[in-house]
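Trainee: Got a predicted model here, sequence first, then my questions.
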Amino acid sequence: MKLLLLFLFAATTAVAQLTNLTFQWEASTNATGYKFYDGTGTNRVLLGVTSNLTFTVTNWSTSTSRTVSVTATNIIGDSDAADLVVPPAPAKVQNLKPVPLSIVMPVPGLIELSQDLVDWSQKIRIGTGSNSTSVRLSWTQYPKEPMMFMRPKAIPPPTTPPLP
């Protein structure tokens with residue numbers, strides 16, 4: 001019996017480096033159940049048996065890398081283990097501070113915004129409101145907000161059509 005696994009996991013709760021992780025895999029032909037292990041080879045520890053295609057590990061320490069494995073089982077026996085190395089969670093960055101941004105650009109102008117450096121469809125149009133020929137735009141990026149990129153773009157002055 002061959003077992004093809006696709007592991008998808010998501011943190012469901014997190015408290016001080018302990019997290020509950022749900023693992024999901026694809027069904028194996030003729031399997032009546034699955035055994036979920038922590039570790040590989042002779043160092044495996046059985047965490048549980050399930051007939052579902054998911055298994056939730058509770059109070060998982062995310063500070064170190066771990067290897068888990070799953071075997072499909074039926075009356076004939078167990079399949080070879082499908083292993084997955086789960087990397088440690090990235091360390092939380094402390095003391096994030098707002099990042100100020102200041103753009104000076106000609107008026108009239110356009111500021112294009114992007115979160116992925118591909119889609120620049122969000123725009124801020126800058127126009128004249130007084131005798132000023134430029135404007136200063138200040139923006140503060142806060143750590144909890146998605147990263148925003150900006151670039152100025154000058155709007156060419158309208159040209160008059162040629163006379164016939």
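Mentor: Received it, and whenever you're ready, just let me know what you need.

Trainee: so who does M150 touch?
Mentor: 101, 103, 111-114, 139 (CB atoms under 8 Å, 6 or more residues apart in numbering). All C-beta atoms are positioned from the backbone trio N, CA, C, and that covers glycine.

Trainee: For Y34, grab the count of nearby residues.
Mentor: Residues contacting Y34 under the criterion other CB atoms under 10 Å number 25.

Trainee: brain fart, N59
Mentor: 11.

Trainee: I'd like the distance between it and S69.
Mentor: As judged by CB to CB, to the nearest Å, N59 and S69 stand 19 Å apart.

Trainee: Among the contacts of M150, which one sits closest to F55?
Mentor: Nearest to F55 among the contacts of M150, counting by CB to CB, is S114 at 39.4 Å.

Trainee: hang on, the closest one packs against Q122?
Mentor: Yes. Between S114 and Q122 a contact is recorded at 7.2 Å, counting by CB atoms under 8 Å.

Trainee: Compare these two and say which one has the larger neighbour count.
Mentor: For S114 versus Q122, the count of surrounding residues by other CB under 10 Å is larger for S114: 15 against 12.

Trainee: OK, contacts around that one?
Mentor: 120, 122, 148-151.
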